[in-house]
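1. Okay, predicted coordinates and the sequence, questions at the end:
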Amino acid sequence: MTVAYIWFDLGYTLVYLEREAAYREFLLEQGIERSLADIEEAYHQTDKLFMRQYPGALGRDTNTFYSWYIGVLNYALNVHFDLVHQCRRLREIEARQQSGWRAYPETLEVLGLLKKHSYGIGLISNWDFTARTVLEENGLLPFFDQIVISSEVGVVKPDEAIFKKALKLAGVSAGQSLYVGDNYYDDVIGSQRVGMESYLINRFGRLGIEEIGPVPTLSSIKELPQLLGASS
């Protein structure tokens with residue numbers, strides 16, 4: 001495969017929320033101790049369940065699924081609370097911690113290496129109208145040659161149309177493109193429908209994706225430059 005253009009998802013591929021710390025603080029307020037590692041794994045499992053069972057839910061405004069999501073997360077950790085109270089308190093903790101979307105430590109380095117090696121870089125993301133703000137606040141905006149956001153173009157992954165629009169804007173073929181994202185059902189299936197190769201980000205090995213067949217996976221985008229021969 002001769003790759004000229006790398007396309008990325010945004011959430012949990014390039015940026016993340018420090019949501020586990022807020023949840024752990026809430027548990028401690030209830031006199032319950034859980035390690036951050038256990039909470040991180042439960043969030044991962046809940047993300048993957050939503051991706052598999054409720055397509056598109058995580059790409060909508062958080063107010064449309066937040067309490068639902070927290071209820072499933074509680075179940076994964078074998079704890080039970082009044083969801084109205086819990087969600088209100090979690091929102092208060094998150095606001096105090098100012099835990100907005102942050103770039104992973106490797107994101108800037110990897111995007112810089114890809115630019116250095118003359119790869120085109122694009123974003124195809126299911127996101128609301130805050131996507132460009134998230135990119136700008138994390139210093140990511142200058143790295144992208146093309147940005148395609150579902151809320152701006154009126155079509156969402158895995159619909160082929162959003163991938164075709166991105167390819168047309170970039171002036172590249174699917175065969176010249178590689179897509180990297182964390183949602184098998186949106187990212188891998190969607191990009192493969194138009195003929196792109198893809199990598200699935202899964203930070204816990206096969207955990208949470210046991211139902212799918214063999215697919216190229218990465219623990220993070222940090223592995224990508226070496227795979228492309230662009231590690232220095």
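-> Yep, it's here. Numbers count the residues shown, from 1 in each chain.
2. Quick one: residues in contact with stretch 105-124.
-> Stretch 105-124 is contacted from outside by 3-10, 14-15, 131, 135, 138-140, 143-149, 157, 162-163, 166, 170, 172, 179, 220-222, 224-225, 228-232, using Cβ atoms under 8 Å, 6 or more residues apart in numbering. The C-beta positions use only the backbone N, C-alpha and C, and glycine is treated the same way.
3. name the helices or strands packed onto the host helix or strand of R132?
-> Per DSSP states H and E: R132 is located in helix 131-137. With contacts taken as 3 or more Cβ pairs under 8 Å, 6 or more residues apart in numbering; DSSP states H and E, helix 131-137 sits against strand 120-125, strand 146-149.
4. In strands, which of the contacts of stretch 105-124 fall?
-> Counting by DSSP state E, the part of the contacts of stretch 105-124 found in strands is Y5, I6, W7, F8, V15, Q146, I147, V148, I149, Y179.
5. And M1, what's its pLDDT?
-> In this model, M1 is scored at 57, pLDDT.
6. How about the one 4 residues further on?
-> For Y5, the pLDDT comes out at 98.
7. Count residues in the vicinity of the closest residue to it other than its chain neighbours, would you?
-> Once flanking residues are discounted, Y5 sits nearest to G120: 3.9 Å by Cβ to Cβ, 6 or more residues apart in numbering. Residues within reach of G120, counting by other Cβ atoms under 10 Å, total 19.
8. same question, the one 5 residues further on
-> Other residues within reach of S125, judged by other Cβ under 10 Å, total 28.
9. Could you give me the ChimeraX syntax to select whichever of the contacts of stretch 105-124 are buried?
-> Remark: buried members of these, expressed as a ChimeraX selection using 16 or more other Cβ atoms under 10 Å:
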select :3,5,6,7,8,9,10,14,15,131,135,138,140,143,144,145,146,147,148,149,157,162,163,166,170,172,179,220,221,224,225,228,230
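10. and the lengthiest helix in the chain, what does it pack onto?
-> Ranked by number of residues, the top helix in the chain under DSSP state H is helix 36-53. Helix 36-53 is packed against helix 19-29, helix 66-76, with contacts defined by 3+ Cβ pairs under 8 Å, 6+ apart.
11. Which among those is found nearest to D186?
-> Nearest to D186 among the helices and strands packed on helix 36-53 is helix 66-76 (16.6 Å), distances taken as Cβ to Cβ.
12. and that closest one, what other elements does it pack with?
-> Using 3+ Cβ pairs under 8 Å, 6+ apart: helix 66-76 touches helix 36-53, helix 83-97.
13. Check the offset of that helix from the chain's centre.
-> Counting by Cα atoms, centre = their mean, to the nearest Å, helix 66-76 is centred 18 Å from the centre of its parent chain.
14. Return the set of buried residues in it.
-> In terms of neighbour count (16+ other Cβ under 10 Å), helix 66-76 has its buried residues at Y69, I70, V72, L73, N74, A76.
15. Just the closest of those to D38, please.
-> A76 (9.4 Å).
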